[in-house]
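Novice: Here is the input, now give the coordinates:
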Amino acid sequence: MSTSLRRRTAKRAGLISLPLLLVAVAATPTQASPTSTPPSGTARTGTTPQAPPWETVRLQKIKLPATVKNAAAPAYSKDGKHLLFFGNIKADPAQNPDPDRGPLHLWVVGTNGKGARCLSCGTEEPLVGEAEQPGLIAPFPDGKRVFYGPYGDPRVLHCAPSVLNCKTATTYKIDTSGTVPAGGVIPPGGAVTTPSFDTGGATSPKLSPDGKYVAWSDFRTDSLLSMMIGKLEFTGDKYQVTDARTLNPAGPASPTDPDPRPWSDSTALFELKSFADNGRSMVYVQVGGTASGNPDLWKVDLKTGKRTRLTAYPEWEEDMAMSPDGRSMYVGIDSQRRHYFDWAGLMPFRGFLDAAWVGATAITEVSSSELRSCIPFASALLPADGDRGGKLVGQVVAPYDGGDIRETSQLHGWPIWSPDSTSVALSTQSLTTLTPASHLLVAHFDRAPSRPQPVASSAPGDWAPAPQDYHGALGAATTITLKGLASGTVTVTYPGQLSGPAPTEPRATYSDYSDDGKSFVNGTQVIRRSGTTVRLLNDLTLHGEHTGSLKGDITMDLKSRPFTVTGSQTAKYDGTTVTGPEPADERCESIREKLPRPTELDVRTRRSGGSVVVEVTSAYDGAGADQQDVDRRPVRGATVTVGGDRATTDRHGKAVLHPRGTRLTVHVNAGASFLSTDVPLH
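Specialist: Numbering: from 1, shown residues only. Now for the predicted structure:
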């Protein structure tokens, strides 16, 4: 890590922009280098069955007026022909000593780069904070309003006669105070025998596609982050959120509830990400439950409460957006194949304490521009049903090109997709200034335009309780022995509310615990919390159909700035071994080498009469829960040229050409995700 970066980290450690799992505690990357030991023999290969083909991605840079210093977090307007974004104006250094970091306002520009203008200038104080992730944007369906603002202070901009012809602009604040129970006190219930506390927060708020609901995350002492949804109503001088409901999985029904699932599920760590299925569902990130230590994307049907796991790869995935046609999924934070967080999630087992330690890790990993700049995240494209148990690797949308600007996560959710599902608006970050580029970036996919699904109601069903009626197991003060769904037991000690100065020691002891009757967990997990220190100790083994182990001792000091962490953890699963996390200094020094570059194409040619048949595929290794598979698929939309003829590959990766000449070379270009290649035609 450079000296200047060290100074920036120390100076701005308190600037938290809430990309994931913001909690009241923190920790940081530890001092163990992540390594991966692949199994002996060759990786399992072959074309991934029933998987969509890779897509050809064309990146568009939209140039903005020279007065715009930074342009961050674009979102599509309702007509799909304009982008809303946060921008700041170049200022006199004498008046603004830190011009790279704000102030910021809401802007609009045509997708052709024309007509850029500031919408919120003159309506209120500008946004102040990190320019790289300044807030959230979502257009209302009426074309006259925009939901936008910082993570904990959302607001609505009214434009007359419309957003695209905004002659008069007024900003209204959003009041969420009525969604917190009186005094913030949650009465006892479920397994919690003493009052819990809701401190509010309204972090990372998201607008429903119909413009009638808003969802966010609150801080609670019995579940750390509580996912909330409520009605959004305009009262004339402000917006009010009413009828709040909780979207977390249900906690135990009583202190003696014998079912392990509510104890496990309600102690995972959650954060809302985006409305999906045009409002019918909500996607969120979860760490815990059936996959301890593994940040995964899940979806809950707002009407029925049915939950579906979307990603299962043993790495970090979050910040997603479902395409309007319901066919594709953008994943903004994805570290697949880069051995960043698999030291925590490689060995699958049911956890009962995740929120007690993962929150500390999350905030120190991703809660500032400095930290995010040193992480090998990249956005990826997956089918709407996810990675299918970890078998699919997400296609890297905008690989790193070796320069100063990297693509970084988009947090808006559904508004980053064009209405016809052919494009995604991306965010950028400078590796030197840590701010966004002065241009906007859009990824265009080689696919036919499609119609969006009909907008659905986001009204939650009766399954979603009011905040005062929800009780997570993390607030319980008890020791309970639970039977596995198939066999064995786990004995869990919950010390009550985790906040406060008194030391706590949540622990879980597994004895041949199994949910499927095929693989069995033994050993202990202990989290020692004292003052500003969180210590994670794992001594777990897995045997049966799958084998593995999790051995670690990691101490996170939350008081120092920058945070300090010592120790390491080694995870083994079905022959794969990883150790981490990597020290922050080492990761920062080598981040340019760790960011994904374009992937090679595999091109096969054959003559058929007077024609030439070209087949184009590509592959990502490291697929599968054990990271030993290869995800190979055909490439659709690649441009193939040979002997004066040109064609485009179909969904099977094939193109038929009629070249002229003898000694010919086949040239294939498949867009930003892949390296162009030339092969001789024999």
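Novice: contacts and neighbour counts: CA atoms only from here.
Specialist: Will do.
Novice: And the helices in the stretch 551-682 of the chain, which stretches?
Specialist: Under the criterion DSSP state H, counting those that start in this stretch, the stretch 551-682 of the chain contains helices at 584-589, 591-594.
Novice: Give me the buried positions along the first one.
Specialist: Neighbour counts using 16 or more other C-alpha atoms under 10 Å place 584, 585, 587, 588 of helix 584-589 among the buried residues.
Novice: now do the shortest one
Specialist: For helix 591-594, the buried set under the neighbour-count rule, 16+ other C-alpha under 10 Å, comprises 591, 592, 594.
Novice: I'd guessed the second one sits against residue 405; true?
Specialist: No - at 10.4 Å, residue 592 does not count as touching residue 405 under the criterion of C-alpha atoms under 8 Å.
Novice: sorry, back to before: looking at the helices of the stretch 551-682 of the chain, spot the one closest to residue 83.
Specialist: When the helices of the stretch 551-682 of the chain are compared by C-alpha to C-alpha, helix 591-594 sits nearest residue 83, at 29.1 Å.
Novice: Contacts for that closest one, please.
Specialist: The contact list for helix 591-594 (C-alpha atoms under 8 Å, 6 or more residues apart in numbering) reads 338, 374, 375, 376, 402.
Novice: circling back to that earlier point, now, among the buried residues of helix 591-594, which is nearest to residue 347?
Specialist: residue 594 (23.3 Å).
Novice: excluding its backbone neighbours, what's nearest residue 55?
Specialist: Among residues not flanking residue 55 along the chain, residue 636 sits closest, at 5.3 Å (C-alpha to C-alpha, 6 or more residues apart in numbering).
Novice: List the residues that contact that neighbour.
Specialist: Going by C-alpha under 8 Å, 6+ apart, residue 636 touches 53, 54, 55, 56, 446, 648, 649, 650, 651, 652, 653.
Novice: try it again with 6 Å
Specialist: 55, 649, 650, 651, 653 (C-alpha atoms under 6 Å, 6 or more residues apart in numbering).
Novice: Then residue 206?
Specialist: Contacts of residue 206 by C-alpha under 6 Å, 6+ apart are 214, 215.
Novice: Now do it against residue 112, distance only.
Specialist: Using C-alpha to C-alpha, to the nearest Å, residue 206 is found at 27 Å from residue 112.
Novice: contacting residues around the host helix or strand of residue 550?
Specialist: Secondary-structure element containing residue 550, defined by DSSP states H and E: strand 548-557. Contact partners of strand 548-557, identified using C-alpha under 6 Å, 6+ apart, comprise 27, 533-542, 564-573.
Novice: next one: stretch 656-663
Specialist: By C-alpha under 6 Å, 6+ apart, stretch 656-663 touches 611, 612, 613, 642, 643, 644, 645.
Novice: Ends of that stretch, what's the gap?
Specialist: End residues of stretch 656-663 are separated by 18 Å (C-alpha to C-alpha).
Novice: Likewise for stretch 238-253?
Specialist: By C-alpha to C-alpha, one end of stretch 238-253 lies 38 Å from the other end.
Novice: Then stretch 114-123?
Specialist: Start-to-end span of stretch 114-123 (C-alpha to C-alpha) is 23 Å.
Novice: neighbouring contacts of that stretch?
Specialist: Residues contacting stretch 114-123 (C-alpha under 6 Å, 6+ apart): 105, 106, 107, 108, 109, 170.
Novice: how about the helices in the stretch 251-400 of the chain?
Specialist: 260-265, 342-345, 355-366, 369-373.
Novice: Against which helices or strands is the second one packed?
Specialist: Going back to what we said before, that points to helix 342-345. Contact here means 3 or more C-alpha pairs under 6 Å, 6 or more residues apart in numbering; DSSP states H and E; on that basis helix 342-345 packs against strand 291-301, strand 576-580.
Novice: Lowest-scoring secondary structure element of the chain by mean pLDDT?
Specialist: helix 3-11 (a mean of 29; mean pLDDT, DSSP states H and E).
Novice: correct me, but residue 127 touches residue 106?
Specialist: No - with contacts counted by C-alpha atoms under 6 Å, residue 127 stays clear of residue 106, the gap being 9.0 Å.
Novice: quick one: which of these two has more around it?
Specialist: Between residue 127 and residue 106, counting by other C-alpha atoms under 10 Å, residue 106 is the more crowded of the two (24 against 20).
Novice: Now residue 569. Nearest residue, chain neighbours left out?
Specialist: Nearest residue to residue 569, sequence neighbours excluded (C-alpha to C-alpha, 6+ apart): residue 552, at 3.8 Å.
Novice: number of nearby residues for the one you found?
Specialist: The local packing of residue 552 (other C-alpha under 10 Å) involves 21 other residues.
Novice: how close does it sit to residue 575?
Specialist: Where residue 575 is concerned, residue 552 sits at a distance of 18 Å (C-alpha to C-alpha).
Novice: Helices of the stretch 101-250 of the chain, start to end?
Specialist: Under DSSP H, counting those that start in this stretch, the stretch 101-250 of the chain gives no helices.
Novice: Can you give me every residue that contacts residue 381?
Specialist: 329, 330, 394, 395.
Novice: Just the pLDDT at it, thanks.
Specialist: Note on residue 381: pLDDT of 98.
Novice: partner residues bridging it?
Specialist: residue 330, residue 395 (DSSP bridges).
Novice: so is residue 449 in a helix, a strand, or just coil?
Specialist: coil (DSSP: H, G, I helix; E, B strand; the rest coil).
Novice: start the count at 2, not 1, going forward
Specialist: Sure, I'll start counting at 2 from here, so that last one is residue 450.
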